[in-house]
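In: The amino acid sequence is not available; the structure is as follows:
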């Protein structure tokens, strides 16, 4: 969209520090940026010739940020359930990926994931996978903002026979997407138990060279924590800190089995954390100490992980589960209040990824990544507190409009940039091949 657009008629929650929702607000967009936020009448008066997008009876807020996922794994949704992480990975997922995930299949899975994400109000993701040039091309075409890191592991992946090949692929992506409007390239060593110390150091050096994000799975399972401690004489967090891997560029996914000392280290190095409550529960990995992370001022966002371990990319559902989970675990109903949940979905995720100067709030000069959620539903009536509604009652199906960088990618609940029925037909056509690969 190159002209001007005013989103008007809804309750505007800017998510700016100290702001309160505007019951009759509006947001003006020009090109890819927000140019005005305020009371409806004032914004309309300032932009009388702008196109109007009706958000009557909607909650208008920043797009949701999925801080950790593996987009193309939508094709493995439901293919291997009710298993612990190591069994799930080593005997089902990794063999299936080696058999299936060529560039065309990754493109299909990424299109499916992009459709699911945008229709659920997710406007930005951190994707950690393979064939990342293909992933980048798909998300750029579809209009989903993404930080993308080529996965590096000590043994062959679907796109890299060796870690050196994965490192080279990361460099190519970093060079190609230095200044792209939607795609930010990063690096993505899989985990401290699956990547050698030498390559972990190379990854940190590459991230520093390009000032790029570095995503890594950290302390996801008790097995990982015990193995690293036995082999390296330190916790996974301490081990990574000693290697020089941790910095403000690092996005540590999971961080379930972490000690007080580990949390202090994460805070000391300014690490962003992507908490994945649903995936961790489903795989029986445990529960990350999210309240303690927030109490230390850590930059925390929420991730769905891949759809093979969730089994959706519905970040709103995951946030709502987290809101309830920690209340039940602590016995404290004030734990993770509704406003905090809204922040984790938006500005929290942006901070964790180091993108908070560009996205995460509705403010003049920021990129226009915006979601409008319908409130004119039985479960949206009555409405006393927009944040409480978001944290406890809203549904992904309530998404009415979505803009990414000012581009209207979802209008009135319909995706404008992808043929969802066509994608589903393509997936159906290769279902037997997927089933065989996952059960081999």
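Out: Received, thanks. As the structure is a prediction and not an experimental result, all values here were calculated from the model. Numbering: from 1, shown residues only.
In: if I look at the nearest residue to residue 239 once chain neighbours are set aside, how far off is residue 187?
Out: Of all residues not flanking residue 239 in the chain, residue 232 sits nearest, at 4.7 Å (CB to CB, 6 or more residues apart in numbering). In short, each C-beta sits where N, CA and C put it, glycine included. Going from residue 232 to residue 187 by CB to CB, to the nearest Å gives 21 Å.
In: So for the two, which sits in the more crowded spot?
Out: It is residue 187, of residue 232 and residue 187, that has more neighbours when counted by other CB atoms under 10 Å, with 30 against 17.
In: So the more buried one: helix, strand or coil?
Out: For residue 187, the secondary structure call by DSSP: H, G, I helix; E, B strand; the rest coil comes out as strand.
In: Does residue 112 touch residue 75 like I think?
Out: Yes: look at residue 112 against residue 75 with CB atoms under 8 Å: they come within range, at 7.1 Å.
In: Next, show the common contact partners of these two.
Out: residue 427 (CB atoms under 8 Å, 6 or more residues apart in numbering).
In: who's more crowded, the two?
Out: Neighbours were counted for residue 112 and for residue 75 using other CB under 10 Å; residue 75 has more, 28 against 24.
In: Just the element for residue 25, please.
Out: Element membership for residue 25, per DSSP states H and E: strand 22-30.
In: Direction included, what does that strand pair against?
Out: strand 4-12 (antiparallel), strand 33-39 (antiparallel) (DSSP bridges).
In: pLDDT (mean, whole number) over it?
Out: What strand 22-30 shows for mean pLDDT is 98.
In: Spit out the contact partners of the closest residue to residue 365 other than its chain neighbours.
Out: Distances taken as CB to CB, 6+ apart place residue 33 nearest to residue 365, at 6.3 Å, with adjacent residues excluded. Taking CB under 8 Å, 6+ apart, we find residue 33 in contact with 365-368, 406.
In: Contacts only, for the nearest residue to residue 73 once chain neighbours are set aside.
Out: Sequence neighbours aside, residue 306 is the residue nearest to residue 73 in space, at 3.4 Å (criterion: CB to CB, 6+ apart). For residue 306, the contact set (CB under 8 Å, 6+ apart) comprises 69-71, 73-74, 76, 279.
In: just residue 278 next, same as before
Out: 304-305, 310, 317-318, 321.
In: do the same with residue 159
Out: 101, 103, 130-132, 150, 165-166, 169.
In: how much space is there between it and residue 415?
Out: Counting by CB to CB, the gap from residue 159 to residue 415 is 27 Å.
In: With residue 36 instead?
Out: Distance of residue 36 to residue 415, given as CB to CB: 27 Å.
In: my read: residue 108 touches residue 428, true?
Out: No: Residue 108 is beyond contact range of residue 428, at 11.2 Å (criterion: CB under 8 Å).
In: Now the residue most central in space within the chain: closest residue in space, sequence neighbours ignored.
Out: Nearest residue to the geometric centre of the chain (CA atoms, centre = their mean): residue 66, 1.6 Å. In space, and not counting its chain neighbours, residue 66 is closest to residue 125: 4.4 Å by CB to CB, 6+ apart.
In: Now name the helix or strand holding residue 87.
Out: Going by DSSP H and E, residue 87 is in helix 85-88.
In: mind listing what's buried in that helix?
Out: Buried residues in helix 85-88, counted by 16 or more other CB atoms under 10 Å: 85, 88.
In: ditto for stretch 73-85
Out: In stretch 73-85, counting by 16+ other CB under 10 Å, buried: 73-77, 79-80, 83, 85.
In: Quickly name whichever of the residues you listed is closest to residue 330.
Out: residue 85 (25.1 Å; CB to CB).
In: I'd assumed residue 286 was in contact with the closest one.
Out: No: the criterion here is CB under 8 Å, and residue 85 misses it with residue 286 at 10.3 Å.
In: Could you report the neighbour count for residue 68?
Out: Residue 68 is flanked by 28 other residues according to other CB under 10 Å.
In: Not counting its neighbours along the chain, what's nearest it?
Out: Residue 68 sits nearest to residue 303 (CB to CB, 6+ apart), 2.9 Å away.
In: Surely the one you found is in contact with residue 65?
Out: No: Residue 303 is not in contact with residue 65 according to CB under 8 Å; the separation is 9.1 Å.
In: so what's in contact with the two at the same time?
Out: Taking CB under 8 Å, 6+ apart as the criterion, residue 303 and residue 65 both touch residue 315.
In: Domain-wise, how is this protein divided?
Out: 4-62+364-415, 64-352 (automatic domain parsing).
In: right, and these - which one's nearest residue 439?
Out: Once the domains of the chain are compared by CB to CB, domain 64-352 is nearest, at 7.7 Å.
In: residues touching residue 355, list them.
Out: Residue 355 neighbours (CB under 8 Å, 6+ apart): 65, 124, 147, 184.
In: sec struct for the first one, please.
Out: Classification of residue 65 by three-state DSSP places it in strand.
In: same check, this time on the second one
Out: At residue 124, secondary structure determined by three-state DSSP is strand.
In: gap between the closest residue to it other than its chain neighbours and residue 326?
Out: Closest residue to residue 124 apart from its sequence neighbours, by CB to CB, 6+ apart: residue 145 at 4.1 Å. Residue 145 is 28 Å from residue 326, where distance means CB to CB.
In: The stretch 51-200 of the chain: strands as residue ranges?
Out: Using DSSP state E, counting those that start in this stretch, the strands of the stretch 51-200 of the chain run over 51-54, 58-62, 64-69, 122-129, 145-152, 183-189.
In: Could you name the helices and strands sitting against the third one?
Out: Counting contacts by 3 or more CB pairs under 8 Å, 6 or more residues apart in numbering; DSSP states H and E, the secondary-structure elements packed against strand 64-69 are strand 122-129, strand 250-254, strand 272-275, strand 299-302, helix 315-330, helix 349-352.
In: The first one pairs with which strands, parallel or anti?
Out: Each strand that strand 122-129 pairs with, and the sense of that pairing, follows from DSSP bridges: strand 64-69 (parallel), strand 145-152 (parallel).
In: Compute the inter-axis angle for the shortest one and strand 250-254.
Out: Orientation note: strand 64-69 sits at an angle of 80 degrees relative to strand 250-254 (axes from the mean of the first three to the mean of the last three CA atoms, to 10 degrees).
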